[in-house]
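Novice: fold the following for me, if possible:
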Amino acid sequence: AVVSTQSTVTVYQLPRLSTLILSGTVGVTGEVISQIQAPRLRSLEVTMCMSLGEEALTSIIFQTDRLAYLNVGWVKSAPPLMLSLGPSFLHRMKALALFNTSLTDDHLAMLASCAPNSLRSLSIDFCAAVTDDGIQSISSLGSITRLDMDHLVHVTDLSLHHISRVLHLLEHLSVMGCRGVTGEGLVYLHGTRRLRSVNLNRCPEVTNESVEVLRGALPCLRSVGYNKRLSATG
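Specialist: Next up, the predicted model:
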């Protein structure tokens, strides 16, 4: 790292840096982030960096055309910022973690229209505003192999129907805490033939019988997270 000082501004030059993890670093401010120069950055994690604003994130994202993995969980302003960067940015994304942000169905619809072929992994856990309509939008992203959508309070079996119709490459799915998901809805997942793991913990309407039927229907399924005690107690 080369640190240069111009007037009162310190610039951190990191020409070879490919991964930057600042998750949970409370002391990191937007001012510090905006002073980092990492043109080869491919992976950025700023989870729970509450003090980061749009300007700081934009400054580090725009300086590299290689960024493909982005985790901005708990950064509430992240969804509108990501979408404002446009198709040229979203087209190269392979993994996006937007959990516990201000994400809405409209944001997901815009994401689906801008990143049709590149995205492999998407995490939208605890995004309280997301409904079945939002899941219908992202179900058009046929390249997704991993989808985490835990504790989405407005999601129902209809979302599983949307997922099964298009996400034929899906290997990992988590709907933990989605109380609108039922045992009857698991039938929709019988069409996701590549599914290897599914997390159904804390889904009170899912039954042991429906889980066993799912196991029998999917030859690739190796891991099923289903704890009846957790589901019952919620």
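Novice: residue 214 against residue 186, yeah?
Specialist: Yes. Using CB atoms under 8 Å, residue 214 is in contact with residue 186, at 4.9 Å. Every residue, glycine included, has its C-beta placed from N, CA and C.
Novice: need the contact list for the residue lying closest to residue 148 once chain neighbours are set aside.
Specialist: Leaving out its chain neighbours, the residue that sits closest to residue 148 by CB to CB, 6 or more residues apart in numbering is residue 123, at 4.1 Å. By CB atoms under 8 Å, 6 or more residues apart in numbering, the contact set of residue 123 is 71, 73, 96, 97, 98, 99, 148.
Novice: inside strands: which ones of the residues you listed?
Specialist: Under the assignment DSSP state E, the contacts of residue 123 contribute 71, 96, 97, 148 to strands.
Novice: all strands for this protein, in order.
Specialist: 2-6, 9-13, 19-21, 36-37, 43-45, 69-71, 95-97, 121-123, 146-148, 172-174, 197-199, 223-225.
Novice: which stretch among the ones you listed comes nearest residue 85?
Specialist: Evaluated with CB to CB, these place strand 69-71 nearest to residue 85, the distance being 10.4 Å.
Novice: so what touches the closest one?
Specialist: With CB under 8 Å, 6+ apart, strand 69-71 has contacts from 23, 42-47, 61, 82, 93-97, 123.
Novice: how does it look with 7 Å?
Specialist: 42, 43, 44, 45, 46, 47, 93, 94, 95, 96, 97 (CB atoms under 7 Å, 6 or more residues apart in numbering).
Novice: neighbours around residue 91, how many?
Specialist: When neighbours are defined as other CB atoms under 10 Å, residue 91 has 13 of them.
Novice: contact partners for it?
Specialist: Applying CB under 7 Å, 6+ apart, the residues near residue 91 are 114, 115, 118.
Novice: pretty sure the first one contacts residue 87?
Specialist: So the one you mean is residue 114. Yes. In this structure, residue 114 is within contact of residue 87 by CB atoms under 7 Å, at 4.4 Å.
Novice: look at those two and report which has more neighbours.
Specialist: The neighbour comparison of residue 114 against residue 87 (other CB under 10 Å) goes to residue 114, with 19 against 13.
Novice: look up how far residue 14 lies from that one.
Specialist: Look at residue 114 and residue 14: by CB to CB, to the nearest Å, they are 28 Å apart.
Novice: circling back: highest neighbour count among the contacts of strand 69-71?
Specialist: residue 46 (25 neighbours).
Novice: spit out the contact partners of that residue.
Specialist: Residue 46 makes contact with 22, 23, 52, 71, 72, 75, according to CB under 7 Å, 6+ apart.
Novice: just give me the least confident of those residues.
Specialist: pLDDT across those is lowest for residue 52, at 76.
Novice: tell me how many other residues surround that one.
Specialist: Look at residue 52: counted by other CB under 10 Å, it has 25 neighbours.
Novice: thank you, goodbye.
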